[in-house]
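Visitor: One predicted model, sequence on top.
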Amino acid sequence: MKDNYERALTFVWREEGGVSDDARDPGGLTKYGITQATLAIARGTDVSRADLLGLTRAEAAGIYRALYWNAIKGDDLPGGLDLAIFDFAVNSGPARAVKTVQTLLGVRVDGVMGPVTLAKITQADPAVFIEALHKARLAFLRSLSVWRFFGTGWSRRNDRVRKAALQWIAETSPKRTTERTGPMAKQTANTNSNQLSETKSILQSRTVWANLIGLASFGLSLFGYGSLDVGGLTDAVLQTVTAGSFIASTVFRVTAKAKLG
C-alpha cells in the first residue's frame with residue numbers, strides 16, 4: 001500500500017540493524033542492510049568501504065524505496081503482503097522475492113512485478129498467501145550454503161515477518177457490519193416478534209387489567225374514596241387498548257407502504 005512504506009521500512013530497520021561485517025556473509029560489509037555493491041548501483045559509480053560506512057540513514061531509506069520497494073511495486077500491493085514481499089526482497093534480493101511470488105501464483109517467472117503478477121496477487125486470499133510465502137521463503141533460505149551459520153536468525157526473522165504481515169492484514173480487512181443476516185437474523189427477528197406478541201398479550205389481558213384496577217380501587221379506598229367498578233372499568237380499558245392497537249397498526253402499515261412506494 002502507498003502509505004505503508006515508512007512503516008515497512010521501520011520494520012526493516014529493526015531487522016537489519018546498523019553496521020555488520022561478518023566474514024561468513026557473502027554480502028560482506030553492510031550498513032543498514034545496504035551492501036557495498038548495492039550502494040554502487042544506487043549511486044551509479046564505484047564506492048569504497050569508507051563510502052559505505054559514511055552512508056546516512058536518509059540515503060539508505062531512499063535506496064530501499066528505489067531499489068526494493070519500487071521494484072516489488074509496494075505501493076500497489078495489499079497491506080501485509082507489501083511488508084512480507086518487501087522484507088523478503090531486502091533479505092534475498094527483489095528478483096528472488098518476486099520469482100517466489102510468481103511461482104506461488106502460477107504465473108510466468110521472470111522476477112519482474114508486472115501487471116499480470118499484480119492482478120493475480122490482488123485476487124489471492126492475503127492471509128493464505130502470507131502462509132504460503134512464509135514456507136517458500138524458508139525453503140529457499142534452507143537451500144543456501146550459509147544456512148548453518150545464519151539459519152536460526154533467518155528463520156526467526158521470517159516468523160516475525162509472518163506475524164506482522166498477518167496483523168497488517170487484519171487491520172486493513174473490512175470491518176464486520178452490525179447487521180445480521182442468515183440464521184442469526186431469523187433468530188433475532190423471531191425473538192423480537194415473540195417479545196412483541198407477549199407484550200401485546202399482556203396489554204390485552206383482562207386478568208392483568210382487572211388486577212391493576214382492583215389494586216387502584218383498594219388504594220383509593222384507603223384515602224376515603226369509593227370503590228371503583230372494576231368490571232366496567234376493565235372492559236373500558238381493554239376496549240381502549242384494542243382500539244389504540246388497531247389504530248397504531250394501521251398507521252404503521254400505511255407509513256411502511258408509502259416508504260416502499
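Guide: Everything's here; your move.
Visitor: Can you point out the buried residues in stretch 67-79?
Guide: By 16 or more other C-beta atoms under 10 Å, the buried positions in stretch 67-79 come out as 67-69, 71-74, 77-79. C-beta: built from backbone N, CA, C; applies to glycine.
Visitor: want to throw those residues into a markdown table with secondary structure?
Guide: Shown next, in a markdown table, are these (DSSP: H, G, I helix; E, B strand; the rest coil):
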| residue | secondary structure |
| --- | --- |
| Leu67 | helix |
| Tyr68 | helix |
| Trp69 | helix |
| Ala71 | coil |
| Ile72 | coil |
| Lys73 | coil |
| Gly74 | helix |
| Leu77 | coil |
| Pro78 | coil |
| Gly79 | coil |
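Visitor: Out of these, which comes closest to Val109?
Guide: Ile72 (14.7 Å; C-beta to C-beta).
Visitor: per-residue confidence at that closest one?
Guide: pLDDT for Ile72: 98.
Visitor: distance of it from Ala97?
Guide: 6 Å (C-beta to C-beta, to the nearest Å).
Visitor: Repeat that for Ser48.
Guide: Distance, Ser48 to Ala97, by C-beta to C-beta: 28 Å.
Visitor: Over to Pro78?
Guide: 15 Å.
Visitor: Kindly report the same for Lys135.
Guide: Taking C-beta to C-beta, one finds Lys135 at 14 Å from Ala97.
Visitor: out of the two, which sits in the busier spot?
Guide: Ala97 (26 against 13; other C-beta atoms under 10 Å).
Visitor: ok, and what's touching stretch 51-66?
Guide: 5, 9, 12, 19, 29-36, 38-39, 42, 90 (C-beta atoms under 8 Å, 6 or more residues apart in numbering).
Visitor: Would you work out how far apart the start and end of that stretch are?
Guide: 19 Å (C-alpha to C-alpha, to the nearest Å).
Visitor: what helices or strands is the helix or strand hosting Arg14 leaning on?
Guide: Assigned by DSSP states H and E, Arg14 belongs to helix 5-16. In terms of contacts (3 or more C-beta pairs under 8 Å, 6 or more residues apart in numbering; DSSP states H and E), helix 5-16 is packed against helix 57-64, helix 81-92, helix 147-172.
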